[in-house]
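> Pasted the sequence and its predicted model underneath.
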Amino acid sequence: MVRETPTVWRHAAVRVCAALRQLGKNPQPLLSRLHINVDDLLRPGFRLPSVSLSQLLAEGSQLLDREDFALYAGAEVEPLGNSALRWAVALSPTPARGIQRYVDLFPLITDGALASFESRGKEHALTISSSFGSNAHKMDSFQEDMLLSATLTAIEALLPDGCQHTRMEFTQRKPDDPSPWYEFFGEEIKWAAPQSKIWWETSVLCTPKLDSNEELALAHEHLAMQQLAAVTSQTWAQRVEWQITATILDGSVTQTAVAAHLGVEIRTLQRHLKAEGASFQELLATVRKRHALNQLSCNRPIAQIGYELGYTDPSAFCNAFKKWFGVSPGNYFKVAKTI
């Protein structure tokens, strides 16, 4: 379930204002014309209608006579603001873990699109797709430019020196003058793609970060999860899945603990999930599967992955994995390459 009118977090509009100032324009007249209150943009938790951000980017582009203004706003202004999401991502132990946190918390950025992070052989892809399909609220080219450039800027700050993404995919058609896009993203761009994607080599994403602090990253992730709970587009299944994701590495995850964190009785939580056609065990399995595949792609020891997911006996984890995917953890990618 999503909002009838999708929204974006206030940091997006703040970044547009900062970009206008950097390019020599006062954003105040534009904000006033679009009925956007500066005090609202400075208020934690404020969310702007997605259509208002599109108007702000479109009129900013026209004011500056720059087709690539949204690209500039995403690339040249500090990404993610001074937010809990920013620090949860930045302090993660590997780029892959940071990207997964970014995806898990993505509805904080916009609830009008969906994000996923998956392994594709020797590569990983972060995918962003409209949650409205052919609806009129579908993300336009201005928002796509800003979102992808901001995402790439945030993620590539996690990578080892000299490493970067391998290619990009945009849903928009190739611009009349694509040179600013090629300058920022590189020459490997697919235009008019079904979904927006950023690709990296898996080996790069699994490199340990020397400036990581997982304890602080978890603390910021918990704070961001609390902020996410205030976003009314969440279903109970989403809230439970995000809470499991936030605590999966803390040890055993229980329904009782998740219900307590969400402030409801366990029977109430079960009733909400049942009404949505979901169950706690199914959601727990979904999170475990995702974590297992991401960690296997980084060549982590199978026993260690199983222990992180609450399996004290490696054979129990291997049996669970085989039930999920029909093949053992050690053979999964061998089989995947032949499909």
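Yep, it's here.
> Identify the residues contacting stretch 98-108?
In this structure, residues lying in contact with stretch 98-108 by Cβ atoms under 8 Å, 6 or more residues apart in numbering are 9, 83, 85, 88-90, 92, 113-117, 124, 126, 128, 151, 154-155, 158, 205, 217, 221, 224-225, 227-228, 231, 233-234, 238, 242, 245-246, 290, 294. Glycine gets a C-beta too; all of them are placed from N, C-alpha and C.
> Buried subset of those residues, written for PyMOL?
The buried residues among these can be selected in PyMOL (16 or more other Cβ atoms under 10 Å) with this line:
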select buried, resi 9+83+85+88+89+90+92+113+114+115+117+124+126+128+151+154+155+158+205+217+221+224+225+227+228+231+233+234+238+242+245+246+290+294
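> Among the contacts of stretch 98-108, which are located in strands?
Judged by DSSP state E, those include 9, 113, 114, 115, 116, 117, 124, 126, 128 as members of strands.
> Quick one: residues contacting residue 228.
Taking Cβ under 8 Å, 6+ apart as the definition of contact, the neighbours of residue 228 are 105, 107, 108, 234, 239, 242.
> can you list the residues you listed in JSON lines and add pLDDT and distance to residue 194?
JSON lines is the format used below for these (pLDDT from 0 to 100; distance: Cβ to Cβ, whole Å):
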{"residue": "105", "pLDDT": "90", "distance to residue 194": "24"}
{"residue": "107", "pLDDT": "88", "distance to residue 194": "21"}
{"residue": "108", "pLDDT": "90", "distance to residue 194": "25"}
{"residue": "234", "pLDDT": "65", "distance to residue 194": "26"}
{"residue": "239", "pLDDT": "78", "distance to residue 194": "29"}
{"residue": "242", "pLDDT": "74", "distance to residue 194": "26"}
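> with these in mind, which one is nearest to residue 72?
In terms of Cβ to Cβ, no member of the contacts of residue 228 lies closer to residue 72 than residue 108, at 23.0 Å.
> Look at that closest one and say how many residues are nearby.
Neighbours of residue 108 under the rule other Cβ atoms under 10 Å: 22.
> so how far is residue 43 from it?
Here the criterion is Cβ to Cβ, to the nearest Å. By it, residue 108 lies 15 Å from residue 43.
> Residue 312 now?
If you measure residue 312 against residue 43 using Cβ to Cβ, the figure is 46 Å.
> Same check on residue 285?
In this view, residue 285 and residue 43 are 39 Å apart by Cβ to Cβ.
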